[in-house]
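Engineer: build me a model:
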Amino acid sequence: MVNNDQRRRQLAREKFERQQQRRAERQRTTRRRTAVIGAALAVVLAGTASACAAGLFESKSGEDGKVVDAGADAPSKKADPCRAPAPGEVAKLSFDKEPPLTVDKSAKYAMKLRTTCGDIDLALDARKAPRTVNSFHFLAGKGYFDHTECHRLTTQGIHVLQCGDPTAAGSGTPGYKLPDENLKDPKVAGGTYPAGTVAMANAGPGTGGSQFFLVYKDSPLPPDYTPFGTIEGGLDVLEKIAGAGESSGQGDGAPNATVVIDKATVTK
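Structural biologist: Predicted coordinates for the structure are as follows:
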């Protein structure tokens, strides 16, 4: 028989436990929304595009809104389809301010990512996103991207590979922030980033840094992420990476494939 005093203690304990659960959830939500996916840019896998994009690229560990079957077993990890990284270490570089604008807005620029999974060739749009392209030209020239891991893969709701973070933890930045550019581009204005788009990750307006994402399948996203180029070659590489899955088994996590940028170059 439970007396009144025991009942009061039980109710108090249950109330405390509920408070702790709510506090823990708020802390997890705050961390997910303030961490940088880049720089930037946590995938939300709810049914609407706006829900899907909330906090999208902030970190590789965000879990808001994911559709998860609590009773389902995590899938077994697939074989790694990529080779070992080239010898070398990530350069620890940070810059006090954005580099001077030196790119030719009328010229064509190309970025080549030599990765452990194959080459990915990008065409960069200096006319529509000059400061972003200028920054990538500068950083690539410094070896900033060399030996860095592409730390995040999403395979549900949206379909992107996120790269450009020297920390491989979703928090890397070159030390300066870039403004948003080209957000009214008709290609993304309708709320979809089509397959082949190259765009900046961010943690909110005007917070772009070095992290970027490669869209390998049409993805519903609001036009909040600077589109600054297109994938000219290597979609098959991205599909190979996506086919190996990601670590969480829930559609958002580190790639199972060993995706490392051995060398990144930007040429005019």
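Engineer: could you use CA atoms for every contact and neighbour count after this?
Structural biologist: Fine.
Engineer: quick one, strands of this protein?
Structural biologist: Listed from the start of the chain, the chain has strands (DSSP state E) covering 109-115, 118-124, 148-149, 152-154, 159-163, 192-193, 197-200, 212-217, 219-220, 227-233, 252-253, 260-267.
Engineer: ok, which of the ones you listed comes nearest Lys184?
Structural biologist: When the strands of the chain are ranked by proximity to Lys184, the top entry is strand 227-233, at 9.5 Å, counting by Cα to Cα.
Engineer: what's the average pLDDT for that closest one?
Structural biologist: The average pLDDT within strand 227-233 is 98.
Engineer: partner strands of it, parallel or antiparallel?
Structural biologist: Partners of strand 227-233 in the sheet, by DSSP bridges, are strand 118-124 (antiparallel), strand 197-200 (antiparallel).
Engineer: out of those, deepest packed?
Structural biologist: Mean neighbour count (mean count of other Cα atoms under 10 Å) peaks for strand 197-200 among the strands paired with strand 227-233, with a mean of 26.
Engineer: how far away from the center of its chain is that one?
Structural biologist: Using Cα atoms, centre = their mean, to the nearest Å, the mean C-alpha position of strand 197-200 is found 10 Å from that of the whole chain.
Engineer: in TSV, list the strands paired with strand 227-233 along with distance to Thr148.
Structural biologist: Output for the strands paired with strand 227-233, formatted as TSV (distance: least, Cα to Cα, whole Å):
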stretch	distance to Thr148
strand 118-124	15
strand 197-200	16
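Engineer: so which of these gets nearest Ala79?
Structural biologist: Evaluated over the strands paired with strand 227-233, closeness to Ala79 peaks at strand 118-124, with 16.3 Å, by Cα to Cα.
Engineer: what residues does that closest one touch?
Structural biologist: 108-114, 133, 198, 228-235, 237 (Cα atoms under 8 Å, 6 or more residues apart in numbering).
Engineer: what ranges do the helices span in the protein?
Structural biologist: 4-34, 49-53, 130-141, 186-189, 235-243 (DSSP state H).
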